[in-house]
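Participant: structure for this input, please:
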Amino acid sequence: MLITSAATAADAAPILGLQKRAYESEARLYHDWTIPPLVQTLESLLEEIQSTTVLKAAEAQEIVGSVRARLSDHTCLIGRLIVEPACQGRGIGSALLQAIERAFPQAAQFELFTGSKSEGNIRLYRRHGYEVTGTKLLSEQITVVVMRKPAR
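Facilitator: Presented below is the predicted three-dimensional model:
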């Protein structure tokens, strides 16, 4: 049974390990092993847990996914939606996305970004009502698509 809840400082190390495993496929896709999720420090993640909303998804007390977000004006900025690679395709990403949206009832809209070549991610977000609203160049190798959806 999947349970989503707020992450605590004790969850930081397992989430960081999961994050690095989850983003390996992105690093391979873009030929860039210096993307921020792969070089994030434990101290930085601990600060995020204290200053933003970080959720975890657990099955049998093992963390299998996570997502974080913060409110900027009336926009909920969602980031780092991750799922254990061996557990992908089982609805964990969808459950986390819905949980983080519910955590921000005051938001007028939701915004996130993903790599322009990350077709699976783009499909997931489109299924949840997100539309591409623009692109940003992160580096010579990486262009991201910005996706938004209005709150209901």
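Participant: helix, strand or coil: sort out the residue nearest the centre of the chain for me.
Facilitator: Nearest to the mean C-alpha position of the chain, by Cα atoms, centre = their mean, lies residue 81 at 1.8 Å. Put simply, residue 81 is strand when judged by DSSP: H, G, I helix; E, B strand; the rest coil.
Participant: tell me the pLDDT of it.
Facilitator: Residue 81 is assigned 98 on the pLDDT scale.
Participant: wait, it sits on residue 98?
Facilitator: No - Residue 81 is not in contact with residue 98 according to Cβ atoms under 8 Å; the separation is 11.1 Å. Bear in mind the C-beta positions are built from the backbone N, C-alpha and C, glycine included.
Participant: show me the contacts for residue 150.
Facilitator: 108, 109 (Cβ atoms under 8 Å, 6 or more residues apart in numbering).
Participant: rerun that using 7 Å as the cut-off
Facilitator: Contacts here follow Cβ atoms under 7 Å, 6 or more residues apart in numbering; on that basis residue 150 touches residue 109.
Participant: distance of it relative to residue 67?
Facilitator: Computed as Cβ to Cβ, to the nearest Å, the residue 150 to residue 67 distance reads 19 Å.
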